[in-house]
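1. I'll drop the sequence and a predicted model, then ask my questions.
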Amino acid sequence: MLRVICSRVFVDFRRTMASVGKYVGTTKRGLTKEFSVPVPWGEIAGKTWGDEKNPPIICLHGWLDNCNTFDKLIPLLPQDFYYVTFDVPGHGLSSHFPKGSFYFTAAYSSVLKRVIDHFKYDNVSLMGHSMGANIATYFGAIYPEIVSRIIAIDTAGIWFRQKEDLITGLRSCIDTHLAFETAEPRPEKEYTYEQAKGRLRAANKNLNDESVEILLERGMRELDNGNFIFRRDIRHLFKDPLERGFETSLTIAEGLKADIFFVWAKKGLYKIIKERYPDIAEVHKAFQKNTKSFSYVEIAGNHHLHLCTPEESAKHITEFLRNHPVQKEGENGNGSNL
């Protein structure tokens, strides 16, 4: 019943806001609650959906997005879970990493562990889109006793750099970061709201107008003059210090023990990855061999199918959650499956 109510509120709200032309986020609608985790460099900002007594599903967004990316998907999923979403550092409302730092998967995994520790969880399910799904599988291999299920949306799961690109990629990463730090500081480019929408839509043709507005809510900061600047850390556009080759990625994949479910878009990123990097099939064989279960579905849509056309994704994710339950402890010590 709660799922139906939330879905109706969500639809009715979209219709109302379409008439006034301005998007107001899920927190302002009373559907979510903001939280903040203090960290040595600032804070990790996020929001939660549902009853905190329910089993947690931590949601990880993709590169240059923010946690609003799940705004249209979560209302369509089972409401007997507690959905925890947060902005990865350098995205949305979360603090940027300090100067001199790199953004890379191990660092993101450390942030995820901080969030898990903040909520005092000893077992979680993870749902990630693109980069977020790569973080989820990487973290699940490092902490297999914590992660029971992984939902990976339009990604390969474990990323690696081709052997011939390994050294040049690391060098490019170091040189670009050092050049950035020593360059003359430039003011952030300002945009009107409509200009910002056009800028994001042009940079990511997978998005539609509504999804652009959803992401911009946490992705921009309004200035005193009424213009906007993007919140993302420009360093996310630089090469990351990825030093994993194919063999190392296989080792990581072998450490994953959770139930894992991939949702791949027929016109998405994974289609490009498997054509460009055929070795990724071996990584998935490692998943199949070592995880509790490995399954996938390929459905219509583009890379942001969970945001632009979420209904089909929600149907398959719901089925996966129901078919791979985890134990929820009741007050009387008896468990129920969720």
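-> Arrived safely. Numbering: from 1, shown residues only.
2. neighbouring strands for the helix or strand hosting Thr85, and are they parallel or not?
-> Per DSSP states H and E: Thr85 is located in strand 82-86. Strand 82-86 has its sheet partners listed here by DSSP bridges as strand 42-49 (antiparallel), strand 56-60 (parallel).
3. how about the ones you listed in CSV, adding mean neighbour count and mean pLDDT?
-> Glycine gets a C-beta too; all of them are placed from N, C-alpha and C. As requested, the strands paired with strand 82-86 are exported to CSV (neighbours: other C-beta atoms under 10 Å; pLDDT from 0 to 100):
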stretch, mean neighbour count, mean pLDDT
strand 42-49, 21, 97
strand 56-60, 25, 98
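4. which among those is found nearest to Arg244?
-> The minimum distance between Arg244 and the strands paired with strand 82-86 falls on strand 56-60, with 18.5 Å, by C-beta to C-beta.
5. about what we covered before: dump the strands paired with strand 82-86 to JSON lines, plus distance to Glu222.
-> Converted to JSON lines, these look like this (distance: least, C-beta to C-beta, whole Å):
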{"stretch": "strand 42-49", "distance to Glu222": "16"}
{"stretch": "strand 56-60", "distance to Glu222": "26"}
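6. out of the ones you listed, which is closest to Arg199?
-> Counting by C-beta to C-beta, and looking across all of these, nearest comes strand 42-49 at 22.7 Å.
7. residues contacting that closest one, please?
-> Here strand 42-49 makes contact (C-beta atoms under 8 Å, 6 or more residues apart in numbering) with 26-27, 31-37, 67, 74-75, 82-87, 89, 92-96, 111, 114-115.
8. and Gly90, helix, strand or coil?
-> Using DSSP: H, G, I helix; E, B strand; the rest coil, the secondary structure recorded for Gly90 is coil.
9. distance of it relative to Thr192?
-> Here Gly90 is placed at a distance of 24 Å from Thr192 (C-beta to C-beta, to the nearest Å).
10. next one: His324
-> 47 Å.
11. quick one: which of these two has more around it?
-> Between His324 and Thr192, counting by other C-beta atoms under 10 Å, His324 is the more crowded of the two (18 against 11).
12. my read: the more buried one touches Ser125, true?
-> No: applying C-beta atoms under 8 Å as the test, His324 and Ser125 come out as separate, 9.0 Å apart.
13. where exactly do the helices run in this protein?
-> 2-20, 105-119, 131-142, 166-182, 193-203, 209-219, 246-254, 269-276, 280-290, 305-308, 310-323 (DSSP state H).
14. quick one: average confidence on the third one?
-> To tie it back to what came earlier, the one meant is helix 131-142. Mean pLDDT, computed over helix 131-142, is 96.
15. what's the angle from it to helix 246-254?
-> 70 degrees (axes from the mean of the first three to the mean of the last three C-alpha atoms, to 10 degrees).
16. which elements pack onto helix 131-142?
-> Using 3 or more C-beta pairs under 8 Å, 6 or more residues apart in numbering; DSSP states H and E, the elements in contact with helix 131-142 are strand 56-60, helix 105-119, strand 124-129, strand 147-153, helix 246-254.
17. neighbours around Thr176, how many?
-> When neighbours are counted by other C-beta under 10 Å, Thr176 comes out with 14.
18. was I right to think it contacts Phe238?
-> Yes: between Thr176 and Phe238 there is a contact at 4.6 Å, judged by C-beta under 8 Å.
19. and the contacts of stretch 63-71?
-> Looking at what lies outside stretch 63-71 - C-beta under 8 Å, 6+ apart - the contacts are 25-26, 46-47, 59, 61-62, 83, 85-87, 91-93, 127, 129-131, 204, 214-215, 217-219, 232, 236, 304, 306-307.
20. how close does the residue lying closest to Pro144 once chain neighbours are set aside sit to Ser295?
-> Nearest residue to Pro144, sequence neighbours excluded (C-beta to C-beta, 6 or more residues apart in numbering): Lys257, at 4.1 Å. The gap separating Lys257 from Ser295 is 15 Å, by C-beta to C-beta.
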